[in-house]
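I'd like to go over a predicted model; first the sequence, then the structure.
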Amino acid sequence: MTDTKLRVCTHARTYLMCRPEHFTVEYAINPWMDPAKPVDVALASRQWERLAEAFRSLGHTVETIPPKPGLPDMVFAANGATVIDGKVLGAKFRHPERQPEAGAYLTWFRRRGYPQIRESAVVNEGEGDIVFAGRAILSGYGFRTERSVREELTEFYRLPVISLRLVDPRFYHLDTALVVLDADTAAYYPAAFDDAGKAALATHFTELIEVKDEDAEVLGLNAISDGRNVVVPEQATGLISQLKSAGFQPVAVNLSELLKAGGGPKCCTLELRQSGRSKASGGA
Ligand code: ARG
């Protein structure tokens, strides 16, 4: 048997979440969404509570932002902003249906007294596409976020930015096609990237777990790692085994109702990375 690496959670995380009180699928801005398909809002809410509970039981803190009526996708907090080293880059949504969410999230950060908040001039859907990877920032583009957000990211966060083109409309945000497990390790779905993207990922990460079609197709990669524990959709059974073999601790959750909007656990979660922490944290 080969040695598995010891995986460690370096510190307790703080996650921002938004209750799916006004969640529905009433428009379609990605291939997962079908307004004709009914959503069980009460079930969505229970699933969301269990996700929050999973984070708390791992020792992490959950903060919440009040949901706004008329913004059914606001539950996907990952898109609300980017937060690295205590610095907040505001989102700017591509689709008019989601545009008012950006201001709601900025208001939350202002009220919380975050000292460095920057409004973005470029279309970017927050940490749906902008993924912190310890020593660098990965920036997905092709469907939602503009590639040119890299200039803002470099200037604001002073970290190298690796731009990754997404090529499959089912994986329209980077966090549907890749999960950073720690600073050196990621799991990803190769078919969602072009050759240059695959090469860039192979150069950056020392360990890359390739996920199978059936796990990607239940948005299995929409997972959150603290360096050791990985909160992952329970439908992604193959990925769960791969994570275990690699020494991670999978924590399976079921967000079937949110999946009808093209979202999973990671979409519902925005990590609030405090200043001075991000460089050491390495993880997602
Ligand atoms: N319905 C939402 C949209 O299409 C889902 C967002 C999922 N969020 C994410 N971080 N991938 O924008």
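Here it is on my side, so go on. Every value quoted in this text rests on a predicted model; they were computed, and no experiment measured them.

Not counting sequence-adjacent ones, nearest residue to residue 19?
residue 67 (5.3 Å; C-beta to C-beta, 6 or more residues apart in numbering). Any C-beta I mention is one placed from the backbone N, CA and C, and that applies to glycine too.

That should have said residue 114, apologies.
Taking C-beta to C-beta, 6+ apart as the measure, residue 114 lies nearest to residue 88, with 5.2 Å between them; neighbours along the chain are not counted.

Name the residues linked to the one you found by a beta bridge.
residue 83, residue 117 (DSSP bridges).

Against residue 196, how distant is it?
For residue 88, the distance to residue 196 (C-beta to C-beta, to the nearest Å) stands at 30 Å.

more crowded one of the two?
Neighbours per residue, other C-beta atoms under 10 Å: of residue 88 and residue 196, the larger number sits with residue 88, 25 against 11.

Contact partners for the more buried one?
81-82, 106, 109, 114, 116-118 (C-beta atoms under 8 Å, 6 or more residues apart in numbering).

what's the closest of these to residue 162?
residue 82 (14.7 Å; C-beta to C-beta).

wait, doesn't that closest one sit right on residue 130?
Yes. Applying C-beta atoms under 8 Å, one finds residue 82 in contact with residue 130, separated by 4.7 Å.

Just the buried ones from the contacts of residue 88?
A residue is treated as buried here by neighbour count (16 or more other C-beta atoms under 10 Å); on that basis the buried members of the contacts of residue 88 are 81-82, 106, 109, 114, 117-118.

Including pLDDT and distance to residue 267, could the residues you listed go into JSON lines?
Rendered in JSON lines, the data for the buried ones among the contacts of residue 88 read as follows (pLDDT from 0 to 100; distance: C-beta to C-beta, whole Å):
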{"residue": "81", "pLDDT": "98", "distance to residue 267": "14"}
{"residue": "82", "pLDDT": "98", "distance to residue 267": "14"}
{"residue": "106", "pLDDT": "98", "distance to residue 267": "19"}
{"residue": "109", "pLDDT": "98", "distance to residue 267": "19"}
{"residue": "114", "pLDDT": "97", "distance to residue 267": "22"}
{"residue": "117", "pLDDT": "98", "distance to residue 267": "22"}
{"residue": "118", "pLDDT": "98", "distance to residue 267": "23"}
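
Output the longest helix belonging to the protein.
If each helix of the chain is counted by residues according to DSSP state H, the longest one is helix 41-57.

Render the CA-only coordinates of it in CSV, please.
These are the backbone C-alpha positions of helix 41-57, laid out as CSV (Å, rounded to 0.1, in the frame of the first residue of the first chain):
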residue,chain,number,x,y,z
VAL,A,41,-38.5,25.1,-1.0
ALA,A,42,-39.1,23.5,2.5
LEU,A,43,-36.8,20.7,1.6
ALA,A,44,-34.2,23.1,0.1
SER,A,45,-34.3,24.9,3.5
ARG,A,46,-33.7,21.7,5.5
GLN,A,47,-30.9,20.7,3.2
TRP,A,48,-29.3,24.1,3.6
GLU,A,49,-29.6,23.9,7.4
ARG,A,50,-27.9,20.5,7.4
LEU,A,51,-25.1,22.0,5.3
ALA,A,52,-24.7,24.8,7.9
GLU,A,53,-24.7,22.2,10.7
ALA,A,54,-22.0,20.2,8.9
PHE,A,55,-19.7,23.2,8.9
ARG,A,56,-20.4,23.9,12.6
SER,A,57,-19.8,20.3,13.6
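
Now do it: which elements does it pack against?
On a contact count with 3 or more C-beta pairs under 8 Å, 6 or more residues apart in numbering; DSSP states H and E, helix 41-57 meets strand 14-17, strand 61-64, strand 229-233, strand 249-253, helix 256-259.

list the buried ones in that helix?
Within helix 41-57, the residues that qualify as buried are 44-45, 47-48, 51-52, 54-55, counting by 16+ other C-beta under 10 Å.

Show me where the protein has its helices.
When secondary structure is read from DSSP H, the chain shows helices at 41-57, 99-111, 149-157, 195-204, 213-216, 237-245, 256-259, 278-281.

Now do the contacts for residue 130.
Contact analysis of residue 130 by C-beta under 8 Å, 6+ apart lists 82, 89, 124, 137-140, 145, 149, 153, 174.
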